[in-house]
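Chemist: how would this look folded up:
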Amino acid sequence: MPAISAEEFNALLTEKLPLALALGIRLESIGKGTARLIMPFAPLLTRPVDVVCGPALMTLADVALYAVVLSTIGRQEMAVTSNLNISFLRKAERCDIVAEASLLKQGRRLAMGAVELIAAGTDELVAHATATYAIP
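Modeler: Below is the predicted model:
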């Protein structure tokens, strides 16, 4: 059982992460060490060629990994990203993006996770990210 519920995490996004809220990011499901989020397509997410931009994808990946970390430690607002690496694999043209995140390792002070960003309704991997979070 996760240490934070989907409802609690989505409330945290509303209260404390206005950028995620502006991008429409929401948690769909959470388990201990796993999370699934969605970022609905909106014109504000695009580059001039109607492709979802890298900064929006990076934000979704970071929020997804934050959810995974909180799924094991509970609501710790000061758990922060200390490193994020992302590989963009293909363009995401005018589509919702699904983030499937998982915890790879957690210690007392650091947690590491991975996330796959997928074009919704397909199995097309748009990007892959890993991140390390510092735990207060």
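
Chemist: going by C-alpha atoms from here, please, whenever you check contacts or count neighbours.
Modeler: Will do.

Chemist: do I have it right that Ser82 meets Tyr133?
Modeler: Yes - counting by C-alpha atoms under 8 Å, Ser82 does reach Tyr133; the two are 5.3 Å apart.

Chemist: neighbour count: these two, which is higher?
Modeler: Each of Ser82 and Tyr133 had its neighbours counted (other C-alpha atoms under 10 Å), and the higher figure belongs to Tyr133 (22 against 13).

Chemist: run through this structure and note the low-pLDDT ranges.
Modeler: Applying pLDDT under 70 to the chain flags no residue at all.

Chemist: for Glu7, the count of nearby residues, please.
Modeler: Glu7 has 14 nearby residues by other C-alpha under 10 Å.

Chemist: other SSEs contacting the helix or strand hosting it?
Modeler: Following DSSP states H and E, one finds Glu7 within helix 6-16. For helix 6-16, the packing partners by 3 or more C-alpha pairs under 8 Å, 6 or more residues apart in numbering; DSSP states H and E come out as helix 18-22, strand 26-31.

Chemist: and the residue nearest the centre of this structure?
Modeler: Nearest to the geometric centre of the chain sits Ala64, at 2.1 Å (C-alpha atoms, centre = their mean).

Chemist: chain neighbours aside, what residue packs nearest to that one?
Modeler: Ala101 (5.9 Å; C-alpha to C-alpha, 6 or more residues apart in numbering).

Chemist: where does the one you found sit, in terms of helix or strand?
Modeler: In this structure, Ala101 sits in strand 97-106 according to DSSP H and E.

Chemist: residues in contact with the host helix or strand of Met112?
Modeler: If you go by DSSP H and E, Met112 is part of strand 110-119. Applying C-alpha atoms under 8 Å, 6 or more residues apart in numbering, the external contacts of strand 110-119 come out as 57, 61, 64-65, 68-69, 92, 95-106, 124-135.

Chemist: how does it look with 6 Å?
Modeler: For strand 110-119, the external contacting residues (C-alpha atoms under 6 Å, 6 or more residues apart in numbering) are 97-105, 124-135.

Chemist: brilliant, that's me finished.
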